[in-house]
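Novice: I'll drop the sequence and a predicted model, then ask my questions.
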Amino acid sequence: MKRKAKLALAALLLALAVASCLFGVSRGELKTVHRKASTVCLECIGIG
Amino acid sequence: MRGKHIAALRKAVQAGWGVLSNAYVTGFIKGTIYQGPLKNFCVPGMNCYSCPGALGSCPIGAMQSIFDARKRRFAFSVVGYLAAVGLLVGRFVCGWLCVFGLIQELLYKIPVPKLKIAEKPDRALRYVKYAVLLILVFALPFFWRDSLGIGEPFFCKFLCPVGTLEGGVPLVLLRQELRSAVGFLFRWKLILLILTVLASVFIHRPFCKYLCPLGAFYSLFQKISFLRLKLDGDRCVSCGKCEKSCPMEVHVKSDPNSAECIRCGACVRSCPAGALSFSGGAWSMKDPAGGLAKKK
Ligand code: SF4
């Protein structure tokens, strides 16, 4: 693939990635992440 | 001399980022974890959110926690965020902003004879990280539920040595009630951690090469990311120094934007002809310590 085509593809995918990120944020995914990350994750530390 | 500067710059960025992203000192004193608003956001590298010092969230853990939220929700925010990072810089994060990568590099500095895995098995083993990403991070946390309808973060629970090192070991040492809850799973994960540490003494970044799902994810964008390694064929004198210097055993000449390249810059600084450079969109960089130069 030519460099310009790669750049165009990357730009298109970047726009999609940003849109995906914003969509996730808009439906409250950050809250889920925060809830999980602000209590000790027993699975992560090998207890639960 | 210049090459040493790049290496020093990279080490400083790695260490500085490691300290900055794990600066919750109270956690290490009291055996607690940070619960403030920064935990809404993921750091770009592997950094367990149960590390007493962690200020941000681990993207791989965050992804699984969203999948696991009963309703089989896809983690649009985290996947989008990681894809954006991958599209911008590829595996630069692995080389410059991953604490666990730095720890493995430091272990590899221990002066003992190093292990060189033959090319064929080495290349085959590199695919294991994609299986880890697909099965333990995506498929099982998304689809599997127990009889109560509860899912599991399979990668965190059964494999991740980062969680054991950064979260498990310090918290178990600091908190009596966790110490008394230690069982088979903790021992299993401790064995995996010890094996990873031992392997890191003999092999350069074994976890990154063979198992890391985050590196696997970023590598998917390596061929089209804005930040790229550029080889000027007219300048190249085919001395092979770049490939000899590459700690990830990339075939720099034939595949400079290999999925395995962590953008460490070792090849750029080793090239006597200045044939290698980093470039991205409107700028290029001959030597990361030499500053940015506008493209002609
Ligand atoms: S190809 Fe160059 S920048 Fe990439 S990992 Fe190897 S030495 Fe580092």
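Specialist: In hand now; what should we look at? Numbering: from 1, shown residues only, chains lettered A, B, ... in the order given.

Novice: mean confidence for stretch B:216-229?
Specialist: For stretch B:216-229, the mean per-residue pLDDT is 96.

Novice: Could you give the number of residues near residue 26?
Specialist: In the absence of a named chain, chain A is used. Other residues lying near residue A:26 total 11 when counted by other Cβ atoms under 10 Å in any protein chain shown. Backbone N, C-alpha and C define where each C-beta goes, glycine included.

Novice: Hmm, no, I was thinking of chain B.
Specialist: Residue crowding around residue B:26 was assessed by other Cβ under 10 Å; the count is 12.

Novice: Next: residue B:111.
Specialist: Neighbour count for residue B:111, taken as other Cβ under 10 Å: 6.

Novice: And it, which helix or strand is it part of?
Specialist: Taking DSSP states H and E as the definition, residue B:111 sits outside all helices and strands.

Novice: residues in contact with it?
Specialist: Residue B:111 makes contact with no residue, according to Cβ atoms under 8 Å, 6 or more residues apart in numbering or on different chains.

Novice: quick one, phi psi at it?
Specialist: phi -80, psi 80 (degrees, to the nearest 10).

Novice: Residue B:128 is in contact with residue B:212, isn't it?
Specialist: No - the pair residue B:128 and residue B:212 fails to qualify as a contact (Cβ atoms under 8 Å) at a distance of 9.9 Å.

Novice: More neighbours: the two, which one.
Specialist: Neighbours were counted for residue B:128 and for residue B:212 using other Cβ under 10 Å; residue B:212 has more, 30 against 14.

Novice: dump the residue contacts of that one.
Specialist: B:46, B:94, B:129, B:132.

Novice: how about those residues in TSV, adding pLDDT?
Specialist: Shown next, in TSV, are the contacts of residue B:212 (pLDDT from 0 to 100):
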residue	pLDDT
B:46	97
B:94	98
B:129	98
B:132	98
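
Novice: out of the residues you listed, who's nearest chain A?
Specialist: Nearest to chain A among the contacts of residue B:212, counting by Cβ to the nearest Cβ, is residue B:46 at 11.4 Å.

Novice: Can you give me the neighbour number for residue A:27?
Specialist: 12.

Novice: can you pull the contacts of it?
Specialist: If you count contacts by Cβ under 8 Å, 6+ apart, residue A:27 has them with B:73, B:76.

Novice: What pLDDT is listed against it?
Specialist: pLDDT, residue A:27: 94.

Novice: how much space between it and the ligand?
Specialist: Shown here: residue A:27 relative to the ligand, a distance of 37 Å by Cβ to the nearest ligand atom, to the nearest Å.

Novice: Just the ones in helices from the contacts of residue B:212, please.
Specialist: Among the contacts of residue B:212, the members found in helices (DSSP state H) are B:94, B:129.

Novice: Can you flag the buried ones in the contacts of residue B:212?
Specialist: Among the contacts of residue B:212, those scoring as buried are B:46, B:94, B:129, B:132 (criterion: 16 or more other Cβ atoms under 10 Å in any protein chain shown).

Novice: between those residues, which is closest to residue B:223?
Specialist: residue B:94 (15.6 Å; Cβ to Cβ).

Novice: Residue of chain A closest to the ligand, please.
Specialist: As assessed by Cβ to the nearest ligand atom, the ligand sits closest to residue A:6 within chain A, at 17.8 Å.

Novice: you'd agree that residue is in a helix?
Specialist: Yes - assigned with DSSP: H, G, I helix; E, B strand; the rest coil, residue A:6 falls within a helix.

Novice: unless I'm mixing things up, it is touching residue B:223, no?
Specialist: Yes - the criterion here is Cβ under 8 Å, and residue A:6 meets it with residue B:223 at 7.4 Å.

Novice: Tell me how far residue B:225 lies from chain A.
Specialist: 7 Å (Cβ to the nearest Cβ, to the nearest Å).

Novice: Please name the residues that touch that residue.
Specialist: Residue B:225 touches A:10, B:86, B:87, B:88, B:89, B:90, B:257, counting by Cβ under 8 Å, 6+ apart.

Novice: Now do the same for it: helix, strand or coil?
Specialist: Secondary structure state of residue B:225, per three-state DSSP, is coil.

Novice: Need the phi and psi values for it.
Specialist: In terms of degrees, to the nearest 10, the main-chain angles of residue B:225 are phi -60, psi 160.
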